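Colleague: quick one, structure for this:
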Amino acid sequence: MSYLLVSPCRNEADYMRLTLESVVNQTIPPDLWVIVDDGSTDETPQILADYASRYSFIQIVTRENRGHRSVGPGVIEAFYYGYDAIDVSQFDYICKFDLDLDLPLGYFEILIQRMEQNPRIGTCSGKAYFKDKKTDQLISEKCGDEMSVGMTKLYRRTCFEEIGGFVRQVMWDGIDCHKCRQLGWIAVSWDEADLRFIHLRPMGSSQQGIFTGRMRHGFGQYFMGTGLLYMTASSVFRMLHPPYIVGGFAMWWGYVKSMLQRQPRFDDKELVTFIRDYQHQCLFKGKAAATDTLNKAQEKVWVEKQ
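Modeller: Below is the predicted model:
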């Protein structure tokens, strides 16, 4: 089975050597790795050129410098700049993959094996951890089992095409998994030793700080159509994990501020209704039970397409 990695990046010199080494040493390396240099001004281009000269499956695509690092829609624009430059039909699996990760060496082999064993899995990943700067202890980013994580989303290509790819907005990495379930696919991540990876830049962080990053996440939840009750519950959960209190509060305030400002929201009303129904079930049943119930109910949607 062939797989493609597409990595948007900008000014990743501090992290990328670890990531590059962890990919080129995979038990099954990618058939093609397209790395989109989104206008880097540090040593990123030189490092990329060095690795591309040594590994034939690495292909570098360069975008013009836009003058700043762009998250959310900017990252997806950079992803598609690389994705659209190649013939993706020759690959069975594709992965949007960040350059600030340190992977276990069998990571992609294990994920592809599981997708081969269960043809309903449309997207999957392992779990992200980050190192505590004081203790060097690994801390889970507490990503839900019902999502593939945004920094390394492995997709069955046919599923990716069916859901219409990524929405070019902040919550692209949540909307895609809900769309998968709506169409009968399974989205999942596993917290196992061989699938745990280190996120060298913690989830929800930002070049402007954790608070800004978490507020951005709150806006993304508002955009996606998440209800206030579910957002409040999710924010309280985040308050109980690092960064304590402030991380969860920033998410909640980002949502409420967007609501007060009447920011635009996702216009797929059918999917928004689907998401809210699922979130209500999560509040009453718990997320694991609600996800299991929904996946069983949506199986008929997937079967009808076969």
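
Colleague: nearest the middle, which residue of this structure would you pick?
Modeller: Gly150 (0.9 Å; C-alpha atoms, centre = their mean).

Colleague: what is the burial count for the residue lying closest to Arg265 once chain neighbours are set aside?
Modeller: With C-beta to C-beta, 6 or more residues apart in numbering as the criterion, Arg265 has its nearest non-adjacent residue at 5.7 Å, and that residue is Phe223. The way it works is simple: take the backbone N, C-alpha and C, and place the C-beta from them, glycine included. Residues near Phe223, counting by other C-beta atoms under 10 Å, number 22.

Colleague: just checking, Phe223 touches Asp267?
Modeller: No - judged on C-beta atoms under 8 Å, Phe223 makes no contact with Asp267 at a distance of 10.2 Å.

Colleague: so where's the chain shaky on pLDDT?
Modeller: For the chain, the stretches flagged by pLDDT under 70 are 65-72, 202-209.

Colleague: coming back round to it: helix/strand/coil for the residue nearest to the centre of the chain?
Modeller: coil (DSSP: H, G, I helix; E, B strand; the rest coil).

Colleague: show me where the stretch 1-150 of the chain has strands.
Modeller: 3-9, 32-38, 58-63, 93-97, 101-102, 121-125, 127-131, 138-140 (DSSP state E, counting those that start in this stretch).

Colleague: among those, which comes closest to Leu183?
Modeller: Closest to Leu183 of the strands of the stretch 1-150 of the chain, according to C-beta to C-beta: strand 121-125, at 8.0 Å.

Colleague: on contacts alone, who are the packing partners of the closest one?
Modeller: helix 107-117, strand 152-156, helix 157-162, helix 172-182, strand 186-189 (3 or more C-beta pairs under 8 Å, 6 or more residues apart in numbering; DSSP states H and E).

Colleague: show me how far the shortest one is from its chain's centre.
Modeller: To tie it back to what came earlier, the one meant is strand 186-189. Relative to its chain's centre, strand 186-189 lies at 12 Å (C-alpha atoms, centre = their mean, to the nearest Å).

Colleague: how about the fourth one?
Modeller: The chain centre lies 11 Å from the centre of helix 172-182; the measure is C-alpha atoms, centre = their mean.

Colleague: and what of the third one?
Modeller: Its chain's average C-alpha position is 16 Å from that of helix 157-162, according to C-alpha atoms, centre = their mean.

Colleague: what residues sit buried inside that helix?
Modeller: Arg157, Cys159, Phe160, Glu162 (16 or more other C-beta atoms under 10 Å).

Colleague: so who does the nearest residue to Ile35 once chain neighbours are set aside touch?
Modeller: Using C-beta to C-beta, 6+ apart and skipping residues adjacent in sequence, the residue nearest Ile35 is Ser7, 4.7 Å away. By C-beta atoms under 8 Å, 6 or more residues apart in numbering, the contact set of Ser7 is Trp33, Val34, Ile35, Val36, Gly82, Lys96, Phe97, Asp98, Leu99.

Colleague: what is the burial count for Asp268?
Modeller: Asp268, neighbours per other C-beta under 10 Å, totals 18.

Colleague: mind listing what the closest residue to Asp145 other than its chain neighbours touches?
Modeller: Leaving aside its sequence neighbours, Asp145 sits nearest to Ser189 (C-beta to C-beta, 6+ apart; 5.9 Å). Ser189 makes contact with Cys124, Ser125, Gly126, Lys127, Cys143, Gly144, Asp145, Met147, Ser148, Val149, according to C-beta under 8 Å, 6+ apart.

Colleague: make it 6 Å
Modeller: Ser189 is in contact with Ser125, Lys127, Asp145, Ser148, Val149, counting by C-beta atoms under 6 Å, 6 or more residues apart in numbering.

Colleague: re earlier: now the contacts of Ser7 in CSV, with neighbour count and distance to Thr273?
Modeller: Output for the contacts of Ser7, formatted as CSV (neighbours: other C-beta atoms under 10 Å; distance: C-beta to C-beta, whole Å):
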residue, neighbour count, distance to Thr273
Trp33, 24, 38
Val34, 24, 36
Ile35, 25, 38
Val36, 25, 35
Gly82, 24, 34
Lys96, 28, 27
Phe97, 26, 32
Asp98, 21, 31
Leu99, 26, 36
